[in-house]
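S.K.: Provide a 3D model corresponding to the input given below.
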Amino acid sequence: MSSHVYETTIRLQHVDGAGVVFFARFFELAHLAYEHMLESLGHALPADLGRAALILPIVHAESDYRASLRMGERVRVEVSVRAVKSRSFTLDYLVRKEDGAEAAQLSTVHVAVDTATGKATRLPEELAAALGQRAGM
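M.R.: Next up, the predicted model:
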């Protein structure tokens, strides 16, 4: 299983009054890494999600925090595809400090939803294949 790597710097908007990354901002970092991975697979999110025929909302998310991050720190977010099913996929994220120490582990489950019906639908074949390849399936 290969992971996709997204690197960024912790910015002012990520930190709370104590100067450390607010817990929910780890999901923001994960989502940026997810979008970056989709782009690398040739499946960028549409510019106008309101007109998209299919959306991929998160239906489950979880996280464990290992170390604080502060403004100005460089981080690396490693995204791995854990599972691909007919209508959903699960991603794992590992947020690392510049020295390689783990700051957080997160996971998200995304479900394909037909915007016309609001019901779960099959993942597009091309996306499922690209994710499956990333997962080594």
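
S.K.: Could you give the average pLDDT over the host helix or strand of A129?
M.R.: Assessed by DSSP states H and E, A129 sits inside helix 125-135. Mean pLDDT, computed over helix 125-135, is 91.

S.K.: give me the beta-bridge partners of S3?
M.R.: Beta-bridge partners recorded for S3 (DSSP bridges): S80.

S.K.: Contact partners for it?
M.R.: E78, V79, S80, L94 (C-beta atoms under 8 Å, 6 or more residues apart in numbering). Just so you know, the C-beta spots here come from the backbone N, C-alpha and C atoms, and that holds for glycine as well.

S.K.: most centrally placed residue in the chain?
M.R.: Y34 (3.3 Å; C-alpha atoms, centre = their mean).

S.K.: Confirm that that residue sits in a strand.
M.R.: No. Under DSSP: H, G, I helix; E, B strand; the rest coil, Y34 sits outside any strand and is assigned helix.

S.K.: if I pick it, what's in contact with it?
M.R.: If a contact means C-beta under 8 Å, 6+ apart, then Y34 has V79, L91, Y93, T108 as its contacts.

S.K.: That one and H110: what is the separation?
M.R.: Note on Y34: its distance to H110, by C-beta to C-beta, to the nearest Å, is 8 Å.

S.K.: Now for those two: what residues contact both?
M.R.: In contact with both Y34 and H110: L91, using C-beta under 8 Å, 6+ apart.

S.K.: chain center to stretch 11-23, what's the gap?
M.R.: Taking C-alpha atoms, centre = their mean, to the nearest Å, one finds stretch 11-23 lying 20 Å from the centre of the chain it belongs to.

S.K.: swap in stretch 97-106?
M.R.: Between the mean C-alpha location of stretch 97-106 and the chain-wide mean there is a distance of 15 Å, by C-alpha atoms, centre = their mean.

S.K.: now swap in stretch 29-47 and tell me
M.R.: That offset, for stretch 29-47, works out to 8 Å (C-alpha atoms, centre = their mean).

S.K.: Could you do stretch 112-125 as well?
M.R.: 19 Å.

S.K.: CA atoms of that stretch as PDB?
M.R.: Extracted in PDB, the C-alpha atoms of stretch 112-125 (Å, rounded to 0.1, in the frame of the first residue of the first chain):
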ATOM      1  CA  ALA A 112     -20.600   8.200  -2.900                       C
ATOM      2  CA  VAL A 113     -24.000  10.100  -3.000                       C
ATOM      3  CA  ASP A 114     -26.100  10.800  -6.000                       C
ATOM      4  CA  THR A 115     -27.000  14.500  -5.600                       C
ATOM      5  CA  ALA A 116     -30.300  14.100  -7.600                       C
ATOM      6  CA  THR A 117     -31.600  11.400  -5.200                       C
ATOM      7  CA  GLY A 118     -29.600  12.100  -2.000                       C
ATOM      8  CA  LYS A 119     -28.900   8.300  -1.800                       C
ATOM      9  CA  ALA A 120     -25.700   6.300  -1.800                       C
ATOM     10  CA  THR A 121     -24.600   5.100  -5.200                       C
ATOM     11  CA  ARG A 122     -21.700   3.200  -6.700                       C
ATOM     12  CA  LEU A 123     -18.300   4.800  -6.800                       C
ATOM     13  CA  PRO A 124     -17.400   5.800 -10.400                       C
ATOM     14  CA  GLU A 125     -15.400   2.900 -11.800                       C
END
